[in-house]
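[1] Dropping a prediction and its sequence here:
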Amino acid sequence: MKPIADRNPFRIGVAAIAVVAVFAVLVVLTTFVSFGDRHYTAILAQTAGLRVGEDVEVHGVPAGKVKSIKLDGDKVKVGFTVKKSVQVGTASTAAVKVATLLGTHYLAIDPAGSGTLGTIPLSRTSVPFNLQDVIEQGTGALTKLDPVLLAKALTETSKTLTATSQNIGPALVGIARLSEDVEKRSGQTGDLITAARSVTDQLSSSSADIVVLMKQANLVLAEINSRRDAIHTLLTETTTLATNLGTIIDQTKADMAPALHQLNVVVTTLRSQDSTLKDVLDSMAPTLRYLANATGNGPWGDLWLQSPAIPPDDLTCRLGGCK
C-alpha cells in the first residue's frame, strides 16, 4: 500500500471534497427528513404566527415538527410530521394555538377516525383569530350601539374608577401576592394532585374488594333486620303474656284475697305457738333417736332391762322349769 505522500494530491483532494459533500448531504437529510415519522398536510385560513420548526402536539404531548409553510391561493398549506405510533385518522382536526406570551405557537392535532389521512382540509382546521373577521364583526356590532348611552356608560365607569382609585392599587397588590403564593405552592399543589391520583388509583384497584364488602354489609343488614323482627315478635308476645296475666289476676282477685287472709291467720297462729313447738321438738328429738336406735337392727325392737328382771335359762332349769 502506497503512503499518502506518494499518491496523487489531486485525487486525494477530490476524494476529500466528495466525502465532505456526502457528509453535508447526510446532515441536510437528517435535518429535513424525520426518520420514523409520517408526513401530513393541513390547510389553514392563515398561519396565525405559526413558524417552521415549531412543535406539533397530540393531546398536549410533542409528537412532531412543522416542516413547511406555503401559500396556496388564499389559503396556507402547512406540512408537518407526526410519529408513526400516532394514528392520524380520516376525521382528525388541526388547530394553531399560542404556546407562550412571547409569540411561540404550536400545531395541535386531534386524531380521530380510522384509516390514514394525508391532508386535513380547511373545514377541520382552526386558527386563534382572523383580524379581518374581527374587524368586520366588530364594525357591525358597533353600528348597533347607541353612542349616547355608550358615552354615559363610559362616563359612569370613569367616575367609578376615579372614586375607587385608592382601592385599586391595594387590590392589584393583593392579586399579585396571591399569584406569588400560588406560584410558590405549585409544588405542593402538584403533590396534592399526585396524592389524589394515587388515592383514586388505589380505590380503582380495590373496587372488587369494595363490592365484596358492600355485599357482606348487605348480609349483615339482612341479619339485623331478621333479628329486629324476632325481637319485635318477642316484645309482642311478652306484652300479650303480661295482658293475660293481668286478666287472670283480675279474675282470681276475689278468690285469692280470702286465701291470703287465712294464710296470714295460720302464720300468726304458728308464730304464737313458736315456743311450745320448740319445746316439743326438743323433747321428741332424744325419744326419736332412742327409738331409731332400738329398731335399727331389724323389724323388731331391742329392750334392755337390769338383771335379774328376767332370770337366765340355767336358773330356770334348776328350778324345774326345763324338760
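    Yep, it's here.

[2] From now on I want contacts and neighbour counts done on CA atoms only, so please keep to that.
    OK.

[3] what are the ranges of the helices in the stretch 201-323 of the chain?
    Applying DSSP state H, counting those that start in this stretch to the stretch 201-323 of the chain gives helices spanning 207-272, 274-294, 313-318.

[4] could you give the mean pLDDT of the last one?
    For helix 313-318, the mean per-residue pLDDT is 56.

[5] can you check the second one too?
    Helix 274-294 comes out with an average pLDDT of 79.

[6] so that helix versus helix 207-272, what angle?
    Between the direction of helix 274-294 and that of helix 207-272, the angle (axes from the mean of the first three to the mean of the last three Cα atoms, to 10 degrees) works out to 100 degrees.

[7] picking that back up, could you point out which of the helices of the stretch 201-323 of the chain sits nearest Thr90?
    Of all these, it is helix 207-272 that lies closest to Thr90, at 37.5 Å by Cα to Cα.

[8] counting contacts, what elements does the closest one pack onto?
    In this structure, helix 207-272 packs against no helix or strand, with contacts taken as 3 or more Cα pairs under 8 Å, 6 or more residues apart in numbering; DSSP states H and E.

[9] follow-up on the earlier one: now the helices of the stretch 201-323 of the chain in TSV, with mean neighbour count and distance to Ile175?
    Formatted as TSV, the helices of the stretch 201-323 of the chain follow (neighbours: other Cα atoms under 10 Å; distance: least, Cα to Cα, whole Å):
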stretch	mean neighbour count	distance to Ile175
helix 207-272	12	43
helix 274-294	11	104
helix 313-318	10	144
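
[10] Which of the ones you listed sits closest to Pro170?
    Sorting these by Cα to Cα, the top spot, which is the nearest, belongs to helix 207-272 at 50.2 Å.

[11] And the closest one, how far out from the chain middle?
    In this view, helix 207-272 has its centroid 45 Å away from the chain centroid, taken as Cα atoms, centre = their mean, to the nearest Å.

[12] returning to what we had before: export the helices of the stretch 201-323 of the chain to CSV and append columns for distance to Lys97.
    Written out in CSV, the entries for the helices of the stretch 201-323 of the chain read as follows (distance: least, Cα to Cα, whole Å):
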stretch, distance to Lys97
helix 207-272, 40
helix 274-294, 118
helix 313-318, 151
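
[13] what's the burial count for the nearest residue to Leu117 once chain neighbours are set aside?
    Excluding its sequence neighbours, the residue lying closest to Leu117 (Cα to Cα, 6 or more residues apart in numbering) is Thr90, at 4.8 Å. Thr90 has 16 neighbours, counted by other Cα atoms under 10 Å.

[14] ditto for Glu183
    Tallying neighbours of Glu183 according to other Cα under 10 Å, which is how burial is gauged here, yields 12.

[15] now Ala99
    Other residues within reach of Ala99 by the criterion other Cα under 10 Å amount to 13.

[16] what's around the residue lying closest to it once chain neighbours are set aside, how many residues?
    By the measure of Cα to Cα, 6+ apart, the closest residue to Ala99 outside its immediate chain neighbours is His105, 4.8 Å from it. Applying other Cα under 10 Å, we find 19 other residues in the vicinity of His105.

[17] Against Ala45, how distant is His105?
    To Ala45, His105 is 16 Å away according to Cα to Cα, to the nearest Å.

[18] For the helix or strand in which Ser179 is found, enumerate the helices and strands it packs against.
    Using DSSP states H and E, the secondary-structure element containing Ser179 is helix 165-184. The helices and strands touching helix 165-184, judged by 3+ Cα pairs under 8 Å, 6+ apart, number zero.

[19] Restricting to C-alpha, output it in CSV.
    What follows is the C-alpha trace of helix 165-184 in CSV, where atoms were taken according to Å, rounded to 0.1, in the frame of the first residue of the first chain:
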residue,chain,number,x,y,z
SER,A,165,-58.6,54.6,42.6
GLN,A,166,-57.2,54.3,46.2
ASN,A,167,-58.6,50.8,46.5
ILE,A,168,-57.5,49.6,43.1
GLY,A,169,-53.8,49.7,43.9
PRO,A,170,-54.1,47.5,47.1
ALA,A,171,-56.4,45.2,45.2
LEU,A,172,-53.8,44.7,42.5
VAL,A,173,-51.1,44.2,45.1
GLY,A,174,-53.3,41.6,46.7
ILE,A,175,-53.8,39.8,43.4
ALA,A,176,-50.0,39.9,42.8
ARG,A,177,-49.4,38.4,46.2
LEU,A,178,-52.0,35.8,45.6
SER,A,179,-50.4,34.8,42.3
GLU,A,180,-47.0,34.7,44.1
ASP,A,181,-48.4,32.4,46.8
VAL,A,182,-50.0,30.2,44.1
GLU,A,183,-46.7,30.0,42.3
LYS,A,184,-44.8,29.2,45.5
